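**Q** here is the input, now give the coordinates:
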Amino acid sequence: MEINVIDAQMLQKMFIAGAKNLEAKKEWINELNVFPVPDGDTGTNMTLTIMSAANEVGAIAEPTMETVAKAISTGSLRGARGNSGVILSQLFRGFTREIKKYDEINVEVLSKACVRAVETAYKAVMKPKEGTILTVAKGMADKACEMLGESEDLSFVIDEIIKHGDYVLSQTPEMLPVLKQAGVVDSGGQGLMVVIKGAYDALMGKEVDYTLETVSTGTSIVTDDIPLDEADIKFGYCTEFIINLDNPMSEDEEKSFKDFLESIGDSIVLVADDEIVKVHVHTNQPGEAFTRALTYGSLSRMKIDNMREEHHERLIKNAQKMAEQQKAEEEQAKANEPKKKYGFIAVSVGEGLDEIFKGLNVDYIISGGQTMNPSTEDILNAVDRVNAENIFVLPNNKNIILAANQAESLVEDKNLIVIPSKTIPQGISAMIGFIEDSTPDENKEAMIDSMSYVKSGEVTYAVRDTVIDDKEIREGNIMGIGDAGMLAVGEDIADTTVEMIKEMQDEDSEIVSIYFGEGVTSEDAEALSEKITEALPDLEVEVYPGGQPVYYYIVSVE
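**A** Numbering: from 1, shown residues only. Here you go, the predicted structure:
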């Protein structure tokens, strides 16, 4: 079947099909993570990014090339999560900037759009690295240009582009030794190929379910978040439920329950009437929230997998409306206050780490990190909630910096300053380096300089066999991962942590800070502290509850 042009209606179908294909295969892509830690997130990040756009694209009743292009670009830009998601959004941004000038896409327009997509994405990355999604995209763009004059049949041309993209993807381990050691291809590149193949299936008439679930990329109260394989419940992101009250909740009980929720989380909305209570909380201990809530009545609507008796539907909707109105009123009241000179936003995961940042005068905590990268829109929403002229954003994860930079480029009414902190310890150190009386530029320089004195390490377990940095790793092994790569591998958590710290410290090192995670007891952490002191008596050891998932310990040496 020869196809010479793609119109707006077909492009709409192709984009949704590509998004659905990625959504279906996100876990497979997650498993391509180089480091075998239980937080592979490339597939999840890319899926959330593209589904944000797909919902906007799917909502267009009478598509034109311009409206579809705009929906793809703005939807993916605001929904972008993680480095892979941001790069994907930039590829879409460049591609749509070219195609919106035409009513139809032919081979010539396709080649121009592919080239512009790659140029836009490469510009968005400060130090582009070959062997990644960028390389795969560039390979396909080169092939699209090569096909000019070869054929006018898009079905043939795109098939050839896909074949070449697969070839370039297969070569990524030869470009990045870390991929070769791990025995995987680049996960971002694989995700891109999945999107293109899904779109091609739609072009060729393959039956595709174009039904889209509504996706929330923000943090407002919703009942239709994209499923995250229970990760967000397990790790406490955006926990929501309804309490069907046994008895009306008194004001004292409501205050007591709200105080309890504030002790285990933030972003709390609690709206009560005589029969039900609508609860929204960001917490790392959802079980504790549910257990406490059960003392007031039965639970339903727990996250998105909930059952609700029909006669409660009207009350639930009213509660939701009240909650949204309450939040709007609170935010409006804050917006009416005079702006302060400086404000701070930090990405954090774990009740203890949240409290540390709050103690350092951080105004707003975005729940996220390794297991769930916040989107550009999440960061923009946080900026809206901080009433300050100059706002510093601390991503505290290398995979969130691009999303923060993207947010920085979109803010117009405030001076948004991204401090490129790659780890929680770097973020803490940056906050300590802030000086109230200095200018924004001076503070940016001082905060970045402060980060340079801290070395970071993380201790977790391996989810598969692999080889990294010439270290053989077996599933279940304990790994100590530092700023530069794998530092220690062992069978025992404490012993591996000590070995990692030995690799991190040098003659100038003075203090070791230990942040113990979810599931680690304070007794375990104190025992580790004693082991470190015994092995490295010249270092002062400080222990803090972090509450983070995935990592037994986050460590800083300075």
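**Q** please enumerate the strands of the stretch 201-350 of the chain.
**A** 239-245, 265-272, 276-283, 297-300, 340-348 (DSSP state E, counting those that start in this stretch).
**Q** of those, which shows the lowest average pLDDT?
**A** Across these, strand 265-272 has the smallest mean pLDDT, namely a mean of 63.
**Q** pipe the strands of the stretch 201-350 of the chain into JSON lines and attach mean neighbour count per row.
**A** All C-beta atoms are positioned from the backbone trio N, CA, C, and that covers glycine. Below are the strands of the stretch 201-350 of the chain laid out as JSON lines (neighbours: other CB atoms under 10 Å):
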{"stretch": "strand 239-245", "mean neighbour count": "21"}
{"stretch": "strand 265-272", "mean neighbour count": "21"}
{"stretch": "strand 276-283", "mean neighbour count": "24"}
{"stretch": "strand 297-300", "mean neighbour count": "15"}
{"stretch": "strand 340-348", "mean neighbour count": "22"}
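**Q** rebuild the ones you listed as CSV, extending it with distance to Tyr167.
**A** What follows is these, written out as CSV (distance: least, CB to CB, whole Å):
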stretch, distance to Tyr167
strand 239-245, 45
strand 265-272, 46
strand 276-283, 44
strand 297-300, 51
strand 340-348, 37
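**Q** and of those strands, who's closest to Gly75?
**A** Smallest distance to Gly75 across those (CB to CB): 22.2 Å, for strand 340-348.
**Q** so which elements touch that closest one?
**A** helix 351-359, strand 364-367, helix 376-385, strand 388-394, helix 424-432 (3 or more CB pairs under 8 Å, 6 or more residues apart in numbering; DSSP states H and E).
**Q** so which of these is the most packed in?
**A** helix 424-432 (a mean of 25; mean count of other CB atoms under 10 Å).
**Q** quick revisit: which among the strands of the stretch 201-350 of the chain is found nearest to Glu130?
**A** strand 340-348 (28.1 Å).
**Q** quick one: strands adjacent to that closest one?
**A** strand 364-367 (parallel), strand 388-394 (parallel) (DSSP bridges).
**Q** closest one to Ala124 among the helices and strands packed on strand 340-348?
**A** Across these, closest to Ala124 is helix 376-385 (CB to CB), at 11.7 Å.
**Q** what angle do that closest one and strand 388-394 make?
**A** 140 degrees (axes from the mean of the first three to the mean of the last three CA atoms, to 10 degrees).
**Q** packing partners of helix 376-385?
**A** Going by 3+ CB pairs under 8 Å, 6+ apart, helix 376-385 lies up against helix 65-79, helix 313-335, strand 340-348, strand 364-367, strand 388-394, helix 401-410.
**Q** run the last query once more with 7 Å
**A** helix 65-79, strand 364-367, helix 401-410 (3 or more CB pairs under 7 Å, 6 or more residues apart in numbering; DSSP states H and E).
**Q** send the alpha carbons of that helix over as CSV?
**A** Extracted in CSV, the C-alpha atoms of helix 376-385 (Å, rounded to 0.1, in the frame of the first residue of the first chain):
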residue,chain,number,x,y,z
THR,A,376,8.3,20.2,34.2
GLU,A,377,4.7,21.1,35.1
ASP,A,378,5.1,19.8,38.7
ILE,A,379,8.0,22.3,39.0
LEU,A,380,6.0,25.1,37.4
ASN,A,381,3.1,24.4,39.8
ALA,A,382,5.5,24.6,42.8
VAL,A,383,6.9,27.9,41.5
ASP,A,384,3.3,29.2,41.5
ARG,A,385,3.0,28.4,45.1
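**Q** rounded mean pLDDT for that helix, please.
**A** 92.
**Q** distance from that helix to the middle of the chain?
**A** Centroid separation for helix 376-385 versus its chain: 13 Å, with CA atoms, centre = their mean, to the nearest Å.
**Q** just want the angle from it to helix 65-79.
**A** With the same axes, to 10 degrees as the basis, helix 376-385 and helix 65-79 are set at 70 degrees to each other.
**Q** and the contacts of helix 376-385?
**A** 77-80, 217-219, 331, 345, 364, 366, 391, 393, 403-404, 406-407, 410-411, 414, 416 (CB atoms under 7 Å, 6 or more residues apart in numbering).
**Q** helix, strand, or coil at the closest residue in space to Ile514 that isn't next to it in sequence?
**A** Distances taken as CB to CB, 6 or more residues apart in numbering put Val543 closest to Ile514, at 4.8 Å, once the chain neighbours are dropped. Three-state call for Val543 (DSSP: H, G, I helix; E, B strand; the rest coil): strand.
**Q** relative to Lys13, how far out is Val543?
**A** 56 Å (CB to CB, to the nearest Å).
**Q** what of Leu261?
**A** Taking CB to CB, one finds Leu261 at 44 Å from Lys13.
**Q** and Val480, backbone torsions?
**A** Actually, residue 480 is Gly rather than Val. When read as degrees, to the nearest 10, the backbone of Gly480 gives phi -110, psi 110.
**Q** what is it paired to in the beta sheet?
**A** Beta-bridge partners, per DSSP bridges, of Gly480: Val459, Ala488.
**Q** list the buried residues for stretch 59-73?
**A** 63, 65, 67-73 (16 or more other CB atoms under 10 Å).
**Q** just these now: which is nearest Glu355?
**A** For the buried residues of stretch 59-73, the nearest to Glu355 is Ser73 (38.8 Å; CB to CB).
**Q** now do the contacts for the spatially closest residue to the closest one that is not a sequence neighbour.
**A** Leaving aside its chain neighbours, Ser73 sits nearest to Thr96 (4.5 Å; criterion: CB to CB, 6+ apart). Listed by CB under 7 Å, 6+ apart, the contact partners of Thr96 are 69, 72-73.
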